[in-house]
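S.K.: no FASTA, just this:
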């Protein structure tokens, strides 16, 4: 993914005010085709102004366009219905594990510091990094505002992505992201593909476009979701719930746990 600019350091404190901004159902009417997007966008823009989003950021929102590519991707996530073996074969699980072991050795100091600080071993972090972007190789090139606004408008998951859209607008307002930021299809950002609300809540400083910044924030996310230092992270073990919090798809969760175990050698 091309960021469209570097992130400023992310300070989690002060972002708590966002909680509840997008929780209420938006007055703007959702839709299932592009036909109502322009009207929805103008209504949403007025609501955003009332909630304290700056006029300049709202002006950027008004420039967002309906993303047919995002809708197609959202409707076509068939790989999550595969068996674990099929999913690993499709997503290159063996390659991720092999490359992950090499990166663990070549970045030993970084992973040691992350484990000391957050209690998370290298395996799950490398598995997520490899699964999400091929270790930073493929990060998407969608217009972030258009992608997230399209999903907030779309009736399928409007409430969830309304929260993500308010988070996106807040990130732009605070100078953490430019209005021109690029993302993957659903608005995922950076080397480990954080959604905007997770950037606000769990960003631990530094650019998510760098490996160190992204891995630090990912470790912080896992710790915030109950990661226990030294406990196992396979299905049924204490830390598997933190992996489940990262992605809702069961086959994805199992793949991360298995590849992480292969990297950690346990």
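M.R.: Looks like it arrived, so ask away. Treat the numbers as computed from the prediction; the structure is a model and nothing was measured.
S.K.: quick one, helices of the stretch 101-250 of the chain?
M.R.: Secondary structure of the stretch 101-250 of the chain (DSSP state H, counting those that start in this stretch): helices at 108-118, 122-133, 144-153, 158-173, 196-202, 211-224, 240-246, 250-264.
S.K.: Could you save those helices as CSV and add columns showing distance to residue 49 and mean pLDDT?
M.R.: All C-beta spots, glycine's among them, are computed from the backbone N, C-alpha and C. Below are these laid out as CSV (distance: least, C-beta to C-beta, whole Å; pLDDT from 0 to 100):
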stretch, distance to residue 49, mean pLDDT
helix 108-118, 38, 98
helix 122-133, 34, 98
helix 144-153, 15, 98
helix 158-173, 10, 97
helix 196-202, 19, 96
helix 211-224, 30, 97
helix 240-246, 33, 97
helix 250-264, 38, 97
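S.K.: closest one to residue 73 among these?
M.R.: Ranking these by proximity to residue 73 (C-beta to C-beta) places helix 144-153 first, at 9.1 Å.
S.K.: and the angle for the closest one with helix 158-173?
M.R.: Using axes from the mean of the first three to the mean of the last three C-alpha atoms, to 10 degrees, the inter-axis angle of helix 144-153 relative to helix 158-173 is 150 degrees.
S.K.: So which other helices or strands are in contact with helix 144-153?
M.R.: helix 37-50, helix 55-62, helix 68-75, helix 158-173, strand 182-183 (3 or more C-beta pairs under 8 Å, 6 or more residues apart in numbering; DSSP states H and E).
S.K.: out of the ones you listed, which comes closest to residue 246?
M.R.: Residue 246 lies closest, by C-beta to C-beta, to one member of the helices and strands packed on helix 144-153: helix 158-173, at 15.5 Å.
S.K.: Tell me the buried residues in that closest one?
M.R.: Neighbour-count burial for helix 158-173 flags 158, 161-173 (criterion: 16 or more other C-beta atoms under 10 Å).
S.K.: now stretch 61-72
M.R.: 61, 64, 66-67, 70-71.
S.K.: Between these, which sits nearest residue 110?
M.R.: Out of the buried residues of stretch 61-72, the member with the shortest distance to residue 110 (by C-beta to C-beta) is residue 70, at 33.1 Å.
S.K.: OK, contacts around the closest one?
M.R.: Contacts for residue 70 (C-beta atoms under 8 Å, 6 or more residues apart in numbering) come out as 142, 146-147, 150-151, 185-186.
S.K.: Including neighbour count and distance to residue 108, could those go into TSV?
M.R.: As requested, the contacts of residue 70 are arranged in TSV below (neighbours: other C-beta atoms under 10 Å; distance: C-beta to C-beta, whole Å):
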residue	neighbour count	distance to residue 108
142	23	35
146	20	40
147	30	36
150	28	42
151	24	39
185	20	34
186	20	33
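S.K.: Kindly present those as CSV, with separate columns for distance to residue 243.
M.R.: Putting those into CSV (distance: C-beta to C-beta, whole Å) gives the following:
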residue, distance to residue 243
142, 26
146, 30
147, 25
150, 28
151, 24
185, 22
186, 19
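S.K.: Need the pLDDT of residue 75.
M.R.: What the model reports as pLDDT for residue 75 is 87.
S.K.: Now do it against residue 248, distance only.
M.R.: According to C-beta to C-beta, to the nearest Å, residue 75 stands 16 Å off from residue 248.
S.K.: ok, back up a step: mind putting the helices of the stretch 101-250 of the chain into JSON lines with distance to residue 97?
M.R.: JSON lines is the format used below for the helices of the stretch 101-250 of the chain (distance: least, C-beta to C-beta, whole Å):
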{"stretch": "helix 108-118", "distance to residue 97": "15"}
{"stretch": "helix 122-133", "distance to residue 97": "8"}
{"stretch": "helix 144-153", "distance to residue 97": "30"}
{"stretch": "helix 158-173", "distance to residue 97": "31"}
{"stretch": "helix 196-202", "distance to residue 97": "25"}
{"stretch": "helix 211-224", "distance to residue 97": "17"}
{"stretch": "helix 240-246", "distance to residue 97": "16"}
{"stretch": "helix 250-264", "distance to residue 97": "4"}
